[in-house]
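# model this:
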Amino acid sequence: MGKMEHIWQHSNFPHFEFNESAFEIHDSSFQRLVLELSNFVKGSDSFQNEIWCEEVLNNSKIEGI
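Residues are numbered from 1 along each chain as shown. Sure thing, here's the model as predicted:
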């Protein structure tokens with residue numbers, strides 16, 4: 001298939017498929033990272049939480065989110 005510019009140009013649009021077992025590997029890694037971050041935030045004081053939130057918001061602005 002050649003270069004696509006839009007998702008609707010994909011031959012299977014809108015009926016996409018994915019390998020669930022490959023997804024599970026990434027999902028478990030993601031869940032572990034979420035748990036680590038959650039534990040970190042629980043153990044920090046409100047000032048640290050404010051800094052984290054500020055950092056996330058500023059990065060989102062930079063990335064246009």
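
# residue ranges with poor pLDDT in the chain?
Low-confidence segments of the chain (pLDDT under 70): 1-2, 4, 43-44, 65.

# Where do the helices of it begin and end?
Using DSSP state H, the helices of the chain run over 20-42, 46-63.

# Using a markdown table, lay out the ones you listed together with mean neighbour count and distance to Trp8.
Placement of C-beta: from N, CA and C, glycine included. As requested, the helices of the chain are exported to a markdown table (neighbours: other C-beta atoms under 10 Å; distance: least, C-beta to C-beta, whole Å):
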| stretch | mean neighbour count | distance to Trp8 |
| --- | --- | --- |
| helix 20-42 | 10 | 23 |
| helix 46-63 | 10 | 25 |
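
# Using TSV, lay out those helices together with distance to Pro14.
TSV is the format used below for these (distance: least, C-beta to C-beta, whole Å):
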stretch	distance to Pro14
helix 20-42	19
helix 46-63	27
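
# and Ser11, which of these is closest to it?
Smallest distance to Ser11 across the helices of the chain (C-beta to C-beta): 20.5 Å, for helix 20-42.

# Show me what stretch 23-42 is in contact with.
Applying C-beta atoms under 8 Å, 6 or more residues apart in numbering, the contact partners of stretch 23-42 are 49, 52.
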